[in-house]
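Novice: sequence-free structure coming up:
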């Protein structure tokens, strides 16, 4: 297999790349990495010493490709499929990149701040950091609600890399910091994302690992069954 993705089925940033792969039915081999196991992590660290997943190994080109957005752009350049995840038109492409970064930085990152804090011993928790993360999510939710008020997808009428980023970001963020019903545009967009076959497949593959998620008790029932 030319493409190997070093990943974990519960990691939101891995979900972003998996959605892109499934959208275009790109053949690849997934290798689950346990960062707590030195033997398992060694293959990843050899290719990307920073130790962050996912990393795509392209054996045909003898190249390791890190960072989610770069991986998706690399796939479009070298392994294109029927779904173009970045538009050809420069301005439209900038809009996609903007919202891709938005979801990574202002939804996924504060979500992870909240999750990580729950994993800490009580005496090491950071209430102010969690409060600030929740405030960031509130601002992000309001901005997304306005952005999707007139389009099916976040960067226009087509599903793009920005939506690949949005799906896992909102899935996990909405568990740790629920989306208010009054943000109806965002609720509709979230439901639209969750009904996308590529997203449904990623969630189904993550389901056996849900008990590992620190907020597992808050996962809505609709995501617990096929």
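Specialist: Nice, I can see it. A quick note: this is a predicted structure, and the numbers were derived from the prediction, not measured.

Novice: Show me the domain layout of the protein.
Specialist: Annotated domains of the chain cover 3-78, 90-223 [automatic domain parsing].

Novice: which residue ranges form the helices in this structure?
Specialist: 12-23, 38-47, 68-78, 90-103, 109-119, 127-147, 161-176, 184-194, 197-206 (DSSP state H).

Novice: remind me which residues of the chain are low pLDDT?
Specialist: The chain contains residues with pLDDT under 70 at 1.

Novice: Out of the helices of the chain, which is the most enclosed?
Specialist: Of all the helices of the chain, helix 161-176 has the most neighbours on average by mean count of other CB atoms under 10 Å, namely a mean of 26. For the C-beta atoms, the positions are set from N, CA and C on the backbone; glycine is no exception.

Novice: Show me what it is packed up against.
Specialist: Secondary structure elements in contact with helix 161-176, counted by 3 or more CB pairs under 8 Å, 6 or more residues apart in numbering; DSSP states H and E, are helix 12-23, helix 68-78, helix 90-103, helix 109-119, helix 127-147, helix 184-194, helix 197-206.

Novice: one step back: so for residue 218, which of the helices of the chain sits nearest?
Specialist: The stretch from these with the least distance to residue 218 (CB to CB) is helix 161-176; that distance is 5.1 Å.

Novice: Go ahead and confirm residue 14 touches residue 55.
Specialist: No - here residue 14 lies out of contact with residue 55, judged by CB atoms under 8 Å, at a distance of 9.9 Å.

Novice: okay, and the common contacts of the two?
Specialist: Both residue 14 and residue 55 are contacted by residue 5, under the criterion CB atoms under 8 Å, 6 or more residues apart in numbering.

Novice: show me the contacts for residue 134.
Specialist: The neighbours of residue 134, taking CB under 8 Å, 6+ apart as the test, are 110, 114, 177.

Novice: The second one against residue 175, yeah?
Specialist: This points to residue 114. No - with contact defined as CB under 8 Å, residue 114 and residue 175 do not form a contacting pair (9.7 Å).

Novice: Let's have the contacts of residue 134 in JSON lines, adding distance to residue 124.
Specialist: Formatted as JSON lines, the entries for these read as follows, by distance: CB to CB, whole Å:
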{"residue": "110", "distance to residue 124": "19"}
{"residue": "114", "distance to residue 124": "15"}
{"residue": "177", "distance to residue 124": "21"}
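
Novice: For residue 152, give its distance to residue 101.
Specialist: If you measure residue 152 against residue 101 using CB to CB, to the nearest Å, the figure is 21 Å.

Novice: no no, residue 141
Specialist: Applying CB to CB, one obtains 17 Å for the distance of residue 141 from residue 101.

Novice: Would you mind confirming that residue 104 is in contact with residue 166?
Specialist: No - taking CB under 8 Å as the definition, residue 104 is not a contact partner of residue 166, at 9.7 Å.

Novice: Could you measure from the residue lying closest to residue 126 once chain neighbours are set aside over to residue 107?
Specialist: Distances taken as CB to CB, 6 or more residues apart in numbering put residue 117 closest to residue 126, at 5.7 Å, once the chain neighbours are dropped. Taking CB to CB as the criterion, residue 117 is separated from residue 107 by 17 Å.

Novice: Repeat that for residue 25.
Specialist: In this view, residue 25 and residue 107 are 27 Å apart by CB to CB.

Novice: So which of those two has more stuff around it?
Specialist: Each of residue 25 and residue 107 has its neighbours counted (other CB atoms under 10 Å); residue 107 has more, 26 against 10.

Novice: is it true that that one touches residue 138?
Specialist: No - here residue 107 lies out of contact with residue 138, judged by CB under 8 Å, at a distance of 11.1 Å.
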